[in-house]
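Enquirer: Test case, fold it:
(chains A and B)
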There are 2 protein chains.
Amino acid sequence: MKRIAILGSTGSVGQSALAVVDAHADRLQVVGLAAGENADLFAAQIARYRPRVATMASGSALDRLEQSGIPKATFGAPGRDGLVEVASHPDADLVLCASSGTDGLEAVLAAIEHGKAVALANKEVLVMAGGIVTEAARRRGVAILPVDSEHNAIHQCLHGRTGSELKRLVLTASGGPFRGRSASELTKVTAEDALKHPTWRMGRKITIDSATLMNKGLEVIEAHWLFGVRADQIDVVIHPQSVVHSMVELTDGSVIAQLGVTDMRLPIQYAFSYPERWPTPMPPLDLARAGRLEFDVPDTNAFPCLLLAYRALEAERSLPVVLNAANEIAVARFLDGRIGFGSIPRVIELTMDAHRPAPVATLAEVRAVDGWAREYSQDVARGVELNV
Amino acid sequence: MKRIAILGSTGSVGQSALAVVDAHADRLQVVGLAAGENADLFAAQIARYRPRVATMASGSALDRLEQSGIPKATFGAPGRDGLVEVASHPDADLVLCASSGTDGLEAVLAAIEHGKAVALANKEVLVMAGGIVTEAARRRGVAILPVDSEHNAIHQCLHGRTGSELKRLVLTASGGPFRGRSASELTKVTAEDALKHPTWRMGRKITIDSATLMNKGLEVIEAHWLFGVRADQIDVVIHPQSVVHSMVELTDGSVIAQLGVTDMRLPIQYAFSYPERWPTPMPPLDLARAGRLEFDVPDTNAFPCLLLAYRALEAERSLPVVLNAANEIAVARFLDGRIGFGSIPRVIELTMDAHRPAPVATLAEVRAVDGWAREYSQDVARGVELNV
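Expert: Numbering: from 1, shown residues only, chains lettered A, B, ... in the order given. So this is what the prediction gives:
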């Protein structure tokens, strides 16, 4: 029996993770849960899975949870402290970090320090603190199992192959809802347009990231930390059908790819079952029915966020933190209808330009750069807004 | 330094193998060579690679070789005895069997009995004597490394994964030059039409096998023996671009595929370098340039040879020997212009119908069934000829 703690259980990945637990109730047990603000759904999850510890993002959310009849005895502290409490609970063997944004950072480090395996569905953790987190995992001999379908695919493709066999990673990108549009056509798109993702159903922030290709940029940075490869060893290829989840090119030019249906339960189950592999109730991939798989180079003119991510990765140090923070602010402003789609990369770039990259060795340093970048990009976004 | 013996060095695979030796002269050395009848090319190969033993298919071929100035001292016996001599030469670490047809059978067994790794580019060996060969390899603890691009791909995809993780193999097939044609359209095609293969350059017999899909049928039987899977765990999918070389589906539905350029040097080098992986001078696969990969189910109405192969595999025992022998005869008659394309499966099926499957435990039994099937299918082919 593997005992699981889930950070972000009411989100899209969290709900899929609980579906995996349902399908393998004989092998998986939920011992900890953490959610954001959705107290109704969280109350139902607690009633069903009876975790030993549960918490939410705020005191007011916990109050609503108590009103739903959940006994206070299982409550952890609200917010980040509670995430850390759930992630380091002595009964947990594996912690799935699927909380959104940067809140999971301390919790992931706490899980690692307590020797727990980490299934990582949250990009921001490695983008902000990849060096700190991977060094801690190495020191503690703890596995970080990627749940993002692309990195999960690469983990499956490598299957123990060593770095000396590895030449290049190829991350596939659906291209998002605006694939094929020019930069000028993109000035008119709305948040509503951007939220219609062609292949994956996901949260709002990540869906916009997918439309700007920043999602892929964050994945490039994530891949650098997970697999120890340089920026120039990571390529992105547009693949609208999202059937090939990613690939590795080996030293002799042979390419190993992982393919599958687009269902998050598969990479989650892979992480939960690793190093075993369990059956699933899902229908298999039918390539003959899929018919055709297309591949193309990304249009970095129309989608400059991808280049901004490469620039941040090459500078390393603190610039990825700035990229990530400015992106969160810009996306939030876009979702509020306050800046245009084309202004997202502008806000990020202007914030990056204003920052002098410096080493970040502690979470406090990461948080400081993150705070600066959020404030600065707010100002930039307001300026852009006024110019609209 | 790995010391290599090559059976079939003047053929298409043999020449590619020597190109791999050229590219890695610091790691590979040729110690034995065997060829068919092309004495001129073989003389040049001997002069260049200076093997310790060399032989050809017949005494007359060896006479021509002597006239080319090659000293008789390095000659082995002609024919099958010579293949055995080369394959079991004490200096060889690995034997590449790329001789055509069934001549390599005794040589492969001799290599295994002498504890040498076998790189297998010859389908007939496993189709005729899969049980005998794989049992001998298991007993001697010897690796059989598949060079056929499909099985080589599966070997790379599995990469040490055990049978319990494996649900299904998916062999890709280009579909050959007649993909998309109906059974009635196929009655008119000529040997010349059939020899125009869209993606791979190969010998004449295997090119016809590719046009009838018998090549894929033989590969299904080969896959059964190489990877220990049942007939119902092996699927064939048409993939005209030949970029995906084959795939494995794992227990959770995840599919691992191997992709690459269509160049036989890659699987040959894989077998020569295994378990290492060496660089190649070839350009990498450019999927964005490839653009589009298509997949479809095979049309077994137009290409019944594939079903005949499944039927032979399910019956096991001696029926695959009959399938293979009758196919060789039928293809030879078709290449001579004496029977039509649609008569190839008819000759095979009538020969299979006339055979009562029995266990085959020794090479003598295999040769006896093979001999019967060749004679019987000759008669069938003559009858078909008269009816044309």
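
Enquirer: residue contacts, A:Glu165?
Expert: Counting by CB atoms under 8 Å, 6 or more residues apart in numbering or on different chains, A:Glu165 makes contact with A:Leu250, A:Thr251, B:Arg277. In short, each C-beta sits where N, CA and C put it, glycine included.

Enquirer: How about A:Ala129?
Expert: Residues near A:Ala129 by CB under 8 Å, 6+ apart: A:Leu105, A:Leu109, A:Val360, A:Leu363, A:Val366.

Enquirer: Of those, which is the most crowded?
Expert: With neighbours taken as other CB atoms under 10 Å in any protein chain shown, the top of those is A:Leu105, carrying 26 neighbours.

Enquirer: tell me the contacts of that residue?
Expert: By CB under 8 Å, 6+ apart, the contact list for A:Leu105 reads A:Glu124, A:Val125, A:Met128, A:Ala129, A:Leu363, A:Val366.

Enquirer: so the second one is in which element?
Expert: It stands for A:Val125. Assessed by DSSP states H and E, A:Val125 sits inside helix A:123-140.

Enquirer: Tell me the helix or strand right after that helix.
Expert: Toward the C-terminus, helix A:123-140 is succeeded by strand A:144-146 as the next helix or strand (DSSP H and E).

Enquirer: now that next one, how far from the centre of its chain.
Expert: 11 Å (CA atoms, centre = their mean, to the nearest Å).

Enquirer: same question for it, mean pLDDT?
Expert: The average pLDDT within strand A:144-146 is 98.

Enquirer: Parallel or antiparallel, which strands does that strand pair with?
Expert: strand A:117-120 (parallel) (DSSP bridges).

Enquirer: what's the burial count for A:Val20?
Expert: For A:Val20, the count of nearby residues is 23 (other CB under 10 Å).

Enquirer: Then A:Gly342?
Expert: 18.

Enquirer: cool, A:Tyr376 as well?
Expert: Neighbour count for A:Tyr376, taken as other CB under 10 Å: 20.

Enquirer: What pLDDT does the model give the residue nearest to it when sequence neighbours are not counted?
Expert: In this structure, A:Tyr376 finds its nearest non-sequential neighbour in A:Thr351, 5.2 Å apart by CB to CB, 6 or more residues apart in numbering or on different chains. Turning to A:Thr351, the model gives it a pLDDT of 98.

Enquirer: same question, A:Pro198
Expert: In this model, A:Pro198 is scored at 62, pLDDT.

Enquirer: With A:Leu250 instead?
Expert: pLDDT recorded at A:Leu250 is 97.

Enquirer: Low-confidence regions, the stretch 201-350 of chain A specifically.
Expert: A:201-202 (pLDDT under 70).

Enquirer: 80 instead, please
Expert: For the stretch 201-350 of chain A, the stretches with pLDDT under 80 are A:201-203, A:316.

Enquirer: Kindly report the residues of it close to chain B.
Expert: For the stretch 201-350 of chain A, the contact set with chain B under CB under 8 Å from any CB of the partner chain comprises A:237-238, A:244, A:247, A:249-261, A:266, A:269-270, A:273, A:277-280, A:282-285, A:287-288, A:290-297.

Enquirer: Tell me which of the residues you listed fall in strands.
Expert: Taking DSSP state E, the ones among these that sit in strands are A:237-238, A:244, A:247, A:249-250, A:255-259, A:292-294.

Enquirer: for the contacts of A:Ala129, which one is nearest A:Leu218?
Expert: A:Leu218 lies nearest to A:Leu105 out of those, by CB to CB, at 14.3 Å.

Enquirer: mind checking which helix or strand A:Leu171 is in?
Expert: strand A:166-173.

Enquirer: So in that sheet, which strands flank that strand, and in what orientation?
Expert: strand A:234-238 (parallel), strand A:244-250 (antiparallel).
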